[in-house]
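Undergrad: build me a model from this:
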Amino acid sequence: MRLTPGEEAMLSGRDGEAAAFALRILTQLGDLYGAEEFIPITQVHVDGCCYQTAGDAALDFAERLAALGARVAVPTTTNVSGRDIQRWREHRFPEALAEKSRRMEAAYLSMGVIPTWTCAPYLAGPLPRFGEQIVWAESNAIAYVNSVIGARTHRYGDYVDACAAVVGRTHRFGLHLAENRKGDVLVRLEGFGPELAADTSLWGLLGYRLGQALGARIPVIEGAPAEVTADCLKAFSAAGAASGSLALFHVAGVTPEAPSVRAAFGRRRAGEPIVVRPPDLDATRAALTSAPADRVDVVALGCPHFSYQEAWSLARALAGRRVGDGVACFLFTNRAVLADLIATGIAGELETAGVRLTTDTCLLHWPMQGWGFSTLATNSAKFAKYAPGLIGLSVRYGSLEQCAEAAVTGRLP
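TA: Numbers count the residues shown, from 1 in each chain. All right, here's what the predicted structure looks like:
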């Protein structure tokens with residue numbers, strides 16, 4: 001890679017041992033990527049701060065960076081921790097596991113990160129503008145910020161994100177470049193009604209189906225309602241990145257790089273379209289529903305973390321009723337959203353109904369010993385994909401309203 005005089009000086013230790021260490025890693029990776037130079041970035045979202053997913057290696061890496069005196073060079077937010085930092089005892093976390101999480105948190109906090117502890121930083125932290133060059137990790141966040149906001153990040157993972165935060169640079173390659181952001185394949189939606197504007201579970205199914213079919217190709221979606229909600233696009237981002245490699249998508253007339261289908265493709269040819277109809281999503285729903293019976297004992301909502309609007313909708317769907325006996329209902333969100341829910345009284349409504357409000361983490365990182373759960377109801381395709389393998393729960397998949405009914409009745413048909 002070609003380094004500027006300033007980068008050469010950083011590599012030689014001018015800005016401290018931590019910056020030299022981080023830049024050395026990034027320079028070596030740049031050679032592997034085929035990148036020729038670095039570009040400056042304005043913010044970072046660090047993914048590898050959850051002990052349960054990253055393990056001892058990531059803890060050692062974070063503590064080494066901290067011991068070298070690392071400080072972030074640009075505003076940097078944090079992905080979920082391995083625990084709810086305030087409520088981990090209520091969630092039956094072993095002391096030893098909680099201590100590993102505490103050490104991970106402390107290492108990153110010493111570097112000057114913003115303690116958002118969320119997988120949906122676009123709901124909690126500084127929001128980049130259209131075209132801004134950033135480094136975000138966490139798969140749903142990458143897809144959302146690239147597509148819905150139009151900032152530019154490549155697919156980043158553990159260690160690379162932290163190094164970029166320390167030096168304020170990343171490689172000039174991949175989805176940072178305008179020529180690599182055009183559509184590859186047309187997806188035509190046919191036969192859907194007005195429910196497609198606001199039903200996040202449908203967009204989760206659509207994202208999951210397309211993630212499986214597309215791999216790393218960039219879809220251009222035609223036929224979506226112009227008023228489709230940001231929460232629907234959030235669900236699509238998470239599902240497509242969970243089932244495949246979705247990092248950027250365009251929705252014609254909705255997302256900023258797709259004022260039209262033609263603009264989204266640029267000079268590329270659309271080719272044969274993929275057509276998706278309601279029966280296709282019914283088949284995907286059936287594939288994600290792994291529980292043989294409709295009885296559920298836990299409802300989990302907020303993967304990615306719930307927005308204020310989703311929590312408001314859950315309160316309306318419960319309509320003053322209570323979570324039923326033998327059922328636990330968890331809502332996962334970030335601290336900023338929770339503060340707003342508390343300020344407006346919605347948190348109180350949900351807690352009175354028996355909903356357990358949780359921040360900083362999600363159910364996929366919890367030790368399940370002692371809970372006795374067997375079947376999960378959720379409207380998150382990401383939860384539905386990972387719950388059987390990661391936490392041993394079978395799944396019933398449904399809409400937010402169906403999950404609210406499941407919380408009350410213990411059943412999701």
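Undergrad: going by C-alpha atoms from here, please, whenever you check contacts or count neighbours.
TA: Will do.
Undergrad: and Pro273, what is it in contact with?
TA: Contact criterion Cα atoms under 8 Å, 6 or more residues apart in numbering gives 185-188 as the residues in contact with Pro273.
Undergrad: got it, and Val167?
TA: Val167 is in contact with 19, 22-23, 72-73, counting by Cα under 8 Å, 6+ apart.
Undergrad: repeat the analysis, applying 7 Å as the threshold.
TA: Contacts for Val167 were tallied using Cα atoms under 7 Å, 6 or more residues apart in numbering; they are 19, 22-23, 73.
Undergrad: how is the protein divided into domains?
TA: Recorded structural domains for the chain (assignment: automatic domain parsing) are 5-177, 182-286, 289-409.
Undergrad: and those domains as CSV, adding mean pLDDT?
TA: What follows is the domains of the chain, written out as CSV (pLDDT from 0 to 100):
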stretch, mean pLDDT
domain 5-177, 97
domain 182-286, 97
domain 289-409, 97
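Undergrad: confirm that Arg356 sits in a strand.
TA: Yes - counting by DSSP: H, G, I helix; E, B strand; the rest coil, Arg356 is located in a strand.
Undergrad: report the separation between the closest residue to it other than its chain neighbours and Ala20.
TA: Beyond its immediate neighbours in the sequence, the residue positioned closest to Arg356 (Cα to Cα, 6 or more residues apart in numbering) is Phe330, lying 4.8 Å away. The spacing between Phe330 and Ala20, counted by Cα to Cα, to the nearest Å, is 43 Å.
Undergrad: who has more neighbours out of these two?
TA: Residue environment comparison for Phe330 versus Ala20 gives the larger neighbour count to Ala20, 24 against 18, counting by other Cα atoms under 10 Å.
Undergrad: helices - which of the contacts of Val167 land there?
TA: The helices in this structure, assigned by DSSP state H, contain 19, 22-23 from the contacts of Val167.
Undergrad: tell me how far the residue nearest to Ala226 when sequence neighbours are not counted lies from Ser260.
TA: Of all residues not flanking Ala226 in the chain, Val254 sits nearest, at 5.7 Å (Cα to Cα, 6+ apart). Taking Cα to Cα as the measure, Val254 falls 9 Å from Ser260.
Undergrad: what is the burial count for the closest residue to Ile85 other than its chain neighbours?
TA: Across the structure, with Cα to Cα, 6+ apart as the measure, the residue nearest Ile85 apart from its sequence neighbours is Asp360 (6.6 Å). Taking other Cα under 10 Å as the criterion, the count of residues near Asp360 is 25.
Undergrad: over to Gln28?
TA: Neighbourhood size, Gln28 [other Cα under 10 Å]: 11.
Undergrad: please apply the same query to the one 3 residues further on.
TA: Residues lying near Asp31 (other Cα under 10 Å) number 13.
Undergrad: would it count as being in a strand?
TA: No - under three-state DSSP, Asp31 sits outside any strand and is assigned helix.
Undergrad: what sits against the residue nearest to it when sequence neighbours are not counted?
TA: The spatially closest residue to Asp31, leaving aside those adjacent along the chain, is Met1, at 6.3 Å (Cα to Cα, 6+ apart). With contacts taken as Cα under 7 Å, 6+ apart, Met1 has the following neighbours: 27, 30-31, 35-37.
Undergrad: at 10 Å what do you get?
TA: Met1 makes contact with 27-31, 34-38, 171, according to Cα atoms under 10 Å, 6 or more residues apart in numbering.
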